[in-house]
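Peer 1: Structure, please.
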Amino acid sequence: MADQKTNHDTRERILDVAELLFMANGYEGTSMRVITTGAEVNLAAVNYHFGSKEALLCEVFRRRLSWLNRERLHALDLLEAEAAGAPLKPSQILEAFFGTLLRIGEDSSLGGMTFLRLLGRTLTQPAEFIRTFFASEYAEVIDRYKQALFSALPDVPKAELVWRLHFMLGAMSYAIAGTDVLRVLTGCELGDWAGEGAADSVDDRALARRLAQRLMPFLLGGLRAPLPSALQSLTSSPASPERGGRHGASNPESLTGETAMITTIIMVLIGITLLSIAILISVRPWRQSLISRRVFATYKRILPQMSDTEREALEAGTVWWDGELFRGNPDWNKLLAYPVPKLSAEEQSFMDHEVEEACALVDDWKVTSEDFDMTPEAWQYIKRQGLSRDDHSEEIRGPGVLGVRAFADCHQIVDAQLVLVGVGDGAQLAWPRRTSSALRY
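Peer 2: Below is the predicted model:
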């Protein structure tokens, strides 16, 4: 028995010291060494009772919140039993929830203002593991009191009540945290501004009573505040002072009906719009006159104008069978069906004599690697046979012109150095500029 009492005393001493240090320095600013020194125990004792720093902080809260939440549920049970099924007053609900918490500040055995400050500061900047812990500890209490508020204020939308509960919890957390924003902004204590003296000169019990006297009416006033203008425009009947204050609030069923009607109208309009678009797209004359022409006209204004060169290139001919290749599924039978091009007798004679003799006069190696030009004999032959044009001539002269132009579509190149037949109907032999040693064609 003595060992159990000693272990209990050690455990409680660690919790008391940790509670005070966590409140003063914060979770991150409090080390396990500081806690063990303050509690006059070794680290092994802390690990034995709690296991880790996170578990120690959770246990500091658990021993206080267990009593707090039990008292809150008990107070709500008593109020609902006395009401015998009737909705509670909002003031009763707030007193049971927030008043029970503020009474801790007057009782040092429950943690007093030390615990309230620690709770408020932790709620404003909770670590992730504390979020999880609080969610599990508060789940039942928050749900019961939320439903009680819904029943007490049926004329106020539930979403609005959730927002007001959020604001009340935030105001309470800030107030009990002991953070004086007025002191931060003005350098003056809150008590000095209020004419009540500095908080340091007031004991915790009196400070807790002062806080409850100021905070509870403020929270109740916020709960009873008029609805926002966007919601107030939908109200239709006034509410009693205890059930929503002086603001008007419509019946939730009527609000639901109006919302459903508006939703139905919107959906019908959307359906009609989509159906009209579908009909417009499916009827070709309508689509062409109302959509396609307008779209094409817009793109025509946006896209750059086609140059004369581009237009001539597009109008010069077709892609022949090459287009089959670019489509990715060529029709080989179509290619085989094309007739084999043949030369006329005059053209064949031209190729066999003039062209062959011209090619014989050209040595590929000398032209491309040594002289970078054809021999004078080759140039004289080309001139004599009329196979060339000068730089300013637009027409090919000589007896071979008919053969060159007639066979231009055959895409035949006789030699790498002497192109007698080019690609396309406009192929021509080019007489080299005198300043260049290369053949231009």
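Peer 1: And the pLDDT at the closest residue to Leu280 other than its chain neighbours?
Peer 2: Distances taken as CB to CB, 6 or more residues apart in numbering place Trp286 nearest to Leu280, at 5.5 Å, with adjacent residues excluded. Bear in mind the C-beta positions are built from the backbone N, C-alpha and C, glycine included. pLDDT for Trp286: 83.
Peer 1: Would you confirm that Trp286 contacts Ala278?
Peer 2: No: applying CB atoms under 8 Å, one finds Trp286 not in contact with Ala278, separated by 11.6 Å.
Peer 1: Look up which helix or strand Tyr174 falls in, please.
Peer 2: helix 158-177 (DSSP states H and E).
Peer 1: For that helix, list every residue counted as buried.
Peer 2: Glu160, Leu161, Arg164, Leu165, Met168, Leu169, Met172, Ser173, Ala175, Ile176, Ala177 (16 or more other CB atoms under 10 Å).
Peer 1: do the same with stretch 212-228
Peer 2: Using 16+ other CB under 10 Å as the test for burial, stretch 212-228 gives Ala212, Leu215, Met216, Leu219, Leu220, Leu223, Arg224, Leu227.
Peer 1: Let me have those residues in TSV, adding secondary structure, distance to Asp364 and pLDDT as columns.
Peer 2: What follows is those, written out as TSV (DSSP: H, G, I helix; E, B strand; the rest coil; distance: CB to CB, whole Å; pLDDT from 0 to 100):
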residue	secondary structure	distance to Asp364	pLDDT
Ala212	helix	109	84
Leu215	helix	104	86
Met216	helix	107	88
Leu219	helix	102	89
Leu220	helix	106	87
Leu223	helix	101	89
Arg224	coil	104	85
Leu227	coil	96	82
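Peer 1: Widest-spaced pair of those?
Peer 2: Taking CB to CB as the measure, the buried residues of stretch 212-228 span a maximum distance of 27.6 Å, between Ala212 and Leu227.
Peer 1: can I assume Val340 sits in a strand?
Peer 2: No: read with DSSP: H, G, I helix; E, B strand; the rest coil, Val340 is coil and lies in no strand.
Peer 1: Look up phi and psi at it.
Peer 2: phi -70, psi 130 (degrees, to the nearest 10).
Peer 1: Kindly report the same for the one 3 residues further on.
Peer 2: Dihedral pair for Leu343: phi -90, psi 150, per degrees, to the nearest 10.
Peer 1: what about it, how many neighbours?
Peer 2: Look at Leu343: counted by other CB atoms under 10 Å, it has 16 neighbours.
Peer 1: wait, doesn't it sit right on Met351?
Peer 2: Yes: counting by CB under 8 Å, Leu343 touches Met351, with 6.6 Å between them.
Peer 1: now the strands for the stretch 201-350 of the chain?
Peer 2: Using DSSP state E, counting those that start in this stretch, no strands are assigned anywhere in the stretch 201-350 of the chain.
Peer 1: Low-confidence ranges, it, go.
Peer 2: 201-202, 230-258, 313-319 (pLDDT under 70).
Peer 1: let's go with 90 and repeat that
Peer 2: For the stretch 201-350 of the chain, applying pLDDT under 90 flags the ranges 201-216, 219-269, 271-350.
Peer 1: mind listing the helices for it?
Peer 2: All helices of the stretch 201-350 of the chain, identified by DSSP state H, counting those that start in this stretch, fall at 204-223, 229-232, 252-282, 284-287, 293-302, 308-315, 322-326, 332-337, 345-350.
Peer 1: Please list all residues in contact with Leu280.
Peer 2: Taking CB atoms under 8 Å, 6 or more residues apart in numbering, we find Leu280 in contact with Trp286, Arg287, Leu290, Ile291.
Peer 1: Out of these, which end up buried?
Peer 2: Buried among the contacts of Leu280 by 16+ other CB under 10 Å: none.
Peer 1: Distance to Asp107 added to the residues you listed, as TSV?
Peer 2: What follows is the contacts of Leu280, written out as TSV (distance: CB to CB, whole Å):
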residue	distance to Asp107
Trp286	81
Arg287	80
Leu290	79
Ile291	78
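Peer 1: List just the nearest of these to Arg327.
Peer 2: Arg287 (26.3 Å).
Peer 1: Give me the distance between Asp204 and Leu102.
Peer 2: Asp204 is 12 Å from Leu102, where distance means CB to CB, to the nearest Å.
Peer 1: And for Lys53?
Peer 2: For Lys53, the distance to Leu102 - CB to CB - is 29 Å.
Peer 1: neighbour count winner among these two?
Peer 2: Leu102 (20 against 17).
Peer 1: residue contacts, the more buried one?
Peer 2: Contact analysis of Leu102 by CB under 8 Å, 6+ apart lists Leu116, Ile176, Ala208, Leu211, Ala212, Leu215, Met216.
Peer 1: which of those residues sit farthest apart?
Peer 2: Across the contacts of Leu102 (CB to CB), the longest gap, 14.5 Å, separates Leu116 and Met216.
Peer 1: Would you map the helices across the stretch 1-150 of the chain?
Peer 2: Going by DSSP H, counting those that start in this stretch, the stretch 1-150 of the chain shows helices at 2-25, 32-39, 43-49, 53-83, 90-94, 100-103, 112-124, 128-152.
Peer 1: Kindly calculate the angle that the fourth one makes with helix 32-39.
Peer 2: Same thing as helix 53-83. Orientation check (axes from the mean of the first three to the mean of the last three CA atoms, to 10 degrees): helix 53-83 against helix 32-39 gives 70 degrees.
Peer 1: for helix 53-83, packing partners?
Peer 2: helix 2-25, helix 90-94, helix 100-103, helix 112-124, helix 128-152 (3 or more CB pairs under 8 Å, 6 or more residues apart in numbering; DSSP states H and E).
Peer 1: List the buried residues in the shortest one.
Peer 2: Translated: helix 100-103. For helix 100-103, burial by neighbour count (16+ other CB under 10 Å) applies to Thr100, Leu101, Leu102.
Peer 1: between those residues, which is closest to Glu312?
Peer 2: Leu101 (88.9 Å).
Peer 1: what's near enough to touch the residue nearest to that closest one when sequence neighbours are not counted?
Peer 2: Of all residues not flanking Leu101 in the chain, Leu68 sits nearest, at 6.3 Å (CB to CB, 6+ apart). Going by CB under 8 Å, 6+ apart, Leu68 touches Thr100, Leu101, Ile104.
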